[in-house]
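**Q** Pasted the sequence and its predicted model underneath.
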Amino acid sequence: QVQLVESGGGVVLAGGSLKLSCAVSGRTVSTYGLAWLRQAPGKEREFVAVINWSGGTSYYADSVKGRFTISRDNAKNTVYLQMNSLSPEDTAVYYCAAKRSGFVYKGQMSYEYWGQGTQVTVSS
């Protein structure tokens, strides 16, 4: 059983930065695709970023491209999301997700494993 636990959420002022972490346990996920998605109040869950098994390929939602960076450390079974230039529109619960296939594509929403989410609030 794969378990994902996010951390690093919190409250930040607009223009600030946060770095989210997602620790994966239960199985080595070095061959898995890993992603971040988010859900704002009253809205559907949306894709944020995804990274392939090696870390050599990543995709971003247009709304975060250039501001967010996804990365992974396979030795630590951890995926990260560095978020810069945050705006109130980035306020949401951020979820880490994993899929057994290391092949990834932009906008991917289907994953086998999900974390419980971490709240990110950006105040103006």
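**A** Yep, it's here. Residues are numbered from 1 along each chain as shown.

**Q** for the residue minimising distance to the centre of the chain, which residues make a bridge with it?
**A** What sits nearest the mean C-alpha location of the chain, by CA atoms, centre = their mean, is residue 36, with 2.2 Å. Beta-bridge partners recorded for residue 36 (DSSP bridges): residue 49, residue 96.

**Q** For it, give me its contacts.
**A** Shown in contact with residue 36 (CB atoms under 8 Å, 6 or more residues apart in numbering): 20, 22, 48, 49, 50, 70, 79, 81, 94, 95, 96, 97. Just so you know, the C-beta spots here come from the backbone N, C-alpha and C atoms, and that holds for glycine as well.

**Q** Am I right that the last one is in contact with residue 111?
**A** So that's residue 97. Yes - with contacts counted by CB atoms under 8 Å, residue 97 reaches residue 111, the gap being 3.7 Å.

**Q** For these two, indicate the residue with more neighbours.
**A** residue 97 (25 against 20; other CB atoms under 10 Å).

**Q** residue contacts, the more buried one?
**A** Counted by CB under 8 Å, 6+ apart, residue 97 has contacts 4, 34, 35, 36, 37, 111, 113, 114, 115.

**Q** next one: residue 52
**A** So residue 52 contacts 33, 58, 102, 103, 104 (CB under 8 Å, 6+ apart).

**Q** Just give me the neighbour total for the residue nearest to it when sequence neighbours are not counted.
**A** Nearest residue to residue 52, sequence neighbours excluded (CB to CB, 6 or more residues apart in numbering): residue 104, at 4.8 Å. By other CB under 10 Å, 19 other residues sit near residue 104.

**Q** same question, the one 5 residues further on
**A** Applying the criterion other CB under 10 Å, we find 12 residues in the vicinity of residue 109.

**Q** ok, for it, nearest residue in space, not its chain neighbours?
**A** For residue 109, the spatially nearest residue (CB to CB, 6+ apart) is residue 47, at 5.9 Å.

**Q** Can you tell me what sits against the helix or strand containing the one you found?
**A** Assessed by DSSP states H and E, residue 47 sits inside strand 46-51. With CB under 8 Å, 6+ apart as the test, strand 46-51 has contacts from 33-39, 57-61, 64, 68-72, 79, 81, 94, 104-109.
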